[in-house]
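# build me a model:
(one chain, ligands or ions: 2)
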Amino acid sequence: MNEQVKELIERLNAEHCLSLDEYRYLIENRSDEAAKLLAEYAVKVRREIYGNSVFVRGLIEIGNICKNDCLYCGIRKSNRNCERYRLTEEQILECVDEGYSLGFRTFVMQGGEDAFFSDEVVCGIIRKIKSAHPDCAVTLSLGERPRESYAALRSAGADRYLLRHETANKAHYERLHPPEMSFDNRMRCLDDLRALGYRVGCGFMVGSPFQTARELAEDLKFIENFKPDMCGIGPFVPHHDTPFKDEPSGTLGLTCFLLSIIRLIYPPVLLPSTTALGTIAPDGRERGILAGANVVMPNLSPVSVRKKYELYDNKICTGDESAQCRSCLETRMRSIGYEIVTDIGDIRK
Ligand code: 5AD
Ligand code: FES
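Ligands and ions are numbered 1, 2, ... in the order given. A predicted model of the protein is given here:
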């Protein structure tokens, strides 16, 4: 490892920030040795805050109908081959009840941008979850909505919201999205969510088309400034029915490298080791935890719809019952010396 890389890692560990050019230099000069040192420091700070606990979130994919046309995404509206579905309120509540008996205390309702899931409908579901299980956190991941909508959902009891920024570079954002979508609106959403008192998650794909170390450095600077409560990063994985079908996947090495850096930038951040990471490598999620992640998100969706929520090719866990997913992850985490904990798992800032 060159001296300058070593110095940058030491300083990141001590001061939790670097300049834009330094982040870029670190990424461009990545080596196995550098990754090892970063992971060592990342695991150390995480251990000081969270011990060897890994938080679980039950993911419920409530529907794949989407008005957007993000170029990378398998459920984009132009994909005629995608078989569309929506869960009913009853189905969603059943997933929650099943998850609750499996020990989940956080539920993430994720779905495409679908007008059917109006404020009225979603508020009704949130209230029912909260009254049945007052000891649980409700996380939403339903895309861009007006501020008033976020306010209504928050009043109904939503605690957290995940909305990946996707890239902190506006020109890059425009190459990943159709002209109807805007970087500024994405940022507006994140600011509104924060102002409304949500715990907020941002994030990006690693190895998305046109991404270079420069864009990644900007993502890291954004995270340093925004200090998200959660940060979802996973490799880009091509979907065969999208314009990016021939683009290469992001790598396990770079994703883990960035997980360690993000842990050091903001030590308390909740950092999931994502399904996409488990998709590109059989031990991807374990490797993510060993790089500094501390959250896993097993799938609680009904098995009948799992294959339809295909954001990218070869997504794992699509044939497994919720209980299988839960115990599979438990075994995987134990195998590397970590314990899944089933409390609400709030950030410890
Ligand atoms: N590869 C990896 N991640 C993807 N997402 C969407 N499409 C893909 C893909 N092809 C991610 C986006 C989105 C989240 C729900 O899934 O970052 O915010
Ligand atoms: Fe879903 Fe292993 S985590 S089957």
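
# surely Glu48 is in a helix?
Yes - counting by DSSP: H, G, I helix; E, B strand; the rest coil, Glu48 falls inside a helix.

# how much space between it and ligand 1?
For Glu48, the distance to ligand 1 equals 29 Å [Cβ to the nearest ligand atom, to the nearest Å]. (C-beta placed from N, C-alpha, C; glycine too.)

# what is the burial count for the closest residue to that residue other than its chain neighbours?
In space, and not counting its chain neighbours, Glu48 is closest to Pro267: 7.7 Å by Cβ to Cβ, 6 or more residues apart in numbering. Neighbours of Pro267 under the rule other Cβ atoms under 10 Å: 19.

# now stretch 174-187, how far from the centre of its chain.
Here stretch 174-187 is found 19 Å from its chain centre; the criterion is Cα atoms, centre = their mean, to the nearest Å.

# CA atoms only for the helix or strand harbouring Phe204, dumped as PDB, please.
Applying DSSP states H and E as the criterion places Phe204 in strand 199-206. What follows is strand 199-206, C-alpha atoms only, in PDB (Å, rounded to 0.1, in the frame of the first residue of the first chain):
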ATOM      1  CA  ARG A 199     -35.000   8.800  10.300                       C
ATOM      2  CA  VAL A 200     -33.700   9.000   6.700                       C
ATOM      3  CA  GLY A 201     -31.800   6.600   4.500                       C
ATOM      4  CA  CYS A 202     -30.000   7.600   1.300                       C
ATOM      5  CA  GLY A 203     -27.700   5.400  -0.800                       C
ATOM      6  CA  PHE A 204     -26.400   4.500  -4.200                       C
ATOM      7  CA  MET A 205     -25.500   1.700  -6.500                       C
ATOM      8  CA  VAL A 206     -21.800   0.700  -6.800                       C
END
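
# now do the buried residues in that strand.
Using 16 or more other Cβ atoms under 10 Å as the test for burial, strand 199-206 gives Arg199, Val200, Gly201, Cys202, Gly203, Phe204, Met205, Val206.

# and the residues you listed near ligand 1, which?
Applying Cβ under 6 Å from any ligand atom, the subset of those adjacent to ligand 1 comprises Met205.

# mind putting the buried residues of strand 199-206 into TSV with distance to Asp346 and pLDDT?
Formatted as TSV, the buried residues of strand 199-206 follow (distance: Cβ to Cβ, whole Å; pLDDT from 0 to 100):
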residue	distance to Asp346	pLDDT
Arg199	7	98
Val200	13	98
Gly201	13	98
Cys202	17	98
Gly203	18	98
Phe204	23	98
Met205	26	98
Val206	26	99
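
# turn the buried residues of strand 199-206 into a markdown table, columns for distance to Leu259.
Below are those laid out as a markdown table (distance: Cβ to Cβ, whole Å):
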| residue | distance to Leu259 |
| --- | --- |
| Arg199 | 19 |
| Val200 | 19 |
| Gly201 | 14 |
| Cys202 | 14 |
| Gly203 | 11 |
| Phe204 | 12 |
| Met205 | 13 |
| Val206 | 9 |
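
# many thanks, I have nothing further to ask.
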